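Peer 1: missing the sequence, but the structure's below:
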């Protein structure tokens, strides 16, 4: 099995806090757009918000470990991608684009849980390259 590298407690908390902020932005969007959201859109946004909250709890409780090879680049990718996702959620007016961004943030969280720097890089790239 490949060696795992644990991020420091401060690094893991910073990532968790940033994902928590992203979750709050999804909540704000859901509240702000509540009259124009279709029930399915509202449900999806709430589902993504819940997934992000669950990941935040896991990262705070257990920290974050990454496969050692590429771990430093993965950490950098994570921080940049979450920042990009939060920026998108702050300025997006199109609900479908916001749902897509929220889904990509959840995908990034899942990639972090996988501990695979390649998967993290792909998920981060999807946040950087999307609208």
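Peer 2: Great, that's in hand. Computed from a predicted model, the values in this text were never measured in an experiment.

Peer 1: Point to the residue nearest the middle of this structure.
Peer 2: The structure's the chain has its C-alpha centroid closest to residue 105; by C-alpha atoms, centre = their mean the separation is 3.0 Å.

Peer 1: Against residue 118, how distant is it?
Peer 2: 18 Å (C-beta to C-beta, to the nearest Å). Quick note: C-beta positions are derived from backbone N, CA and C, even for glycine.

Peer 1: same question, residue 78
Peer 2: Residue 78 sits 13 Å away from residue 118 when distances are taken as C-beta to C-beta.

Peer 1: neighbour count winner among those two?
Peer 2: Set residue 78 next to residue 118 and count neighbours by other C-beta atoms under 10 Å: residue 78 wins out with 27 against 13.

Peer 1: That one: which element?
Peer 2: Assessed by DSSP states H and E, residue 78 sits inside helix 71-91.

Peer 1: Show me what the helix or strand that that helix is followed by is packed against.
Peer 2: Under the assignment DSSP H and E, the closest C-terminal helix or strand after helix 71-91 is helix 95-114. Helix 95-114 is packed against helix 9-32, helix 39-62, helix 71-91, helix 117-129, with contacts defined by 3 or more C-beta pairs under 8 Å, 6 or more residues apart in numbering; DSSP states H and E.
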